[in-house]
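>>> here is a sequence with its predicted model. Questions after.
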Amino acid sequence: MPKESKISTPDWIKEGYDSPAEYAKAKGKKVAQKKSIGKTFKVRICPKCKSDKVQVVLNGEEGKGSGEWECKNCKWKGRNTDEKELSEDQFLEYLDKEDEE
């Protein structure tokens, strides 16, 4: 008695469709859209003025200042910054803008 294969060809391929989404659409099924395609990048922003000119504060004292951030725009200092999530294209535009400044 031969063993059954654990891997089988998906129906969408057997029926000649180019993608699972195309197959689902033809069969009248809804396909869940992915939130974002590709990589996402996070940029720290100031919680007070929403500027992205936030830098980590370094000082020589052990334990003090570690994890503190400072906004170069409004001089805010603190531990918790906000984050803005960017797609890969948005992040590349952001970097180009930073190079111009």
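Nice, thanks for sending it over. Numbers count the residues shown, from 1 in each chain.
>>> beta-bridge partners for the residue nearest the centre of the chain, please?
For the chain, the residue nearest the mean C-alpha position is residue 40 (2.2 Å; C-alpha atoms, centre = their mean). Taking DSSP bridges, one obtains residue 87 as the residues bridged to residue 40.
>>> contacting residues for it?
85, 86, 87, 88 (C-beta atoms under 8 Å, 6 or more residues apart in numbering). For every residue, glycine as well, the C-beta is placed using N, CA and C.
>>> which helices and strands does the strand or helix carrying residue 84 pack with?
Here residue 84 sits within strand 82-87, counting by DSSP states H and E. Packing partners of strand 82-87 (3 or more C-beta pairs under 8 Å, 6 or more residues apart in numbering; DSSP states H and E): strand 40-45.
>>> tell me the strands beside the next helix-or-strand element following the strand it packs on, with direction?
Heading C-terminal from strand 40-45, the first helix or strand you meet, by DSSP H and E, is strand 54-56. Neighbouring strands of strand 54-56 in its sheet, by DSSP bridges, are strand 69-71 (antiparallel).
>>> from the chain's centroid, how far away is the partner strand?
23 Å (C-alpha atoms, centre = their mean, to the nearest Å).
>>> which residues are in contact with the next helix or strand after that strand?
Toward the C-terminus, strand 69-71 is succeeded by strand 77-78 as the next helix or strand (DSSP H and E). The list of residues contacting strand 77-78 from outside it, by C-beta under 8 Å, 6+ apart, reads 47, 57, 68, 69, 70, 71.
>>> show me what contacts the second one?
By C-beta under 8 Å, 6+ apart, residue 57 lies in contact with 65, 68, 69, 70, 77.
>>> next, it: phi, psi?
The phi/psi pair for residue 57 (degrees, to the nearest 10) reads phi -90, psi 120.
>>> residues touching the nearest residue to it once chain neighbours are set aside, list them.
Nearest-residue entry for residue 57: residue 68, 4.3 Å, with adjacent residues in sequence omitted and distances by C-beta to C-beta, 6 or more residues apart in numbering. Listed by C-beta under 8 Å, 6+ apart, the contact set of residue 68 reads 56, 57, 77, 78, 79.
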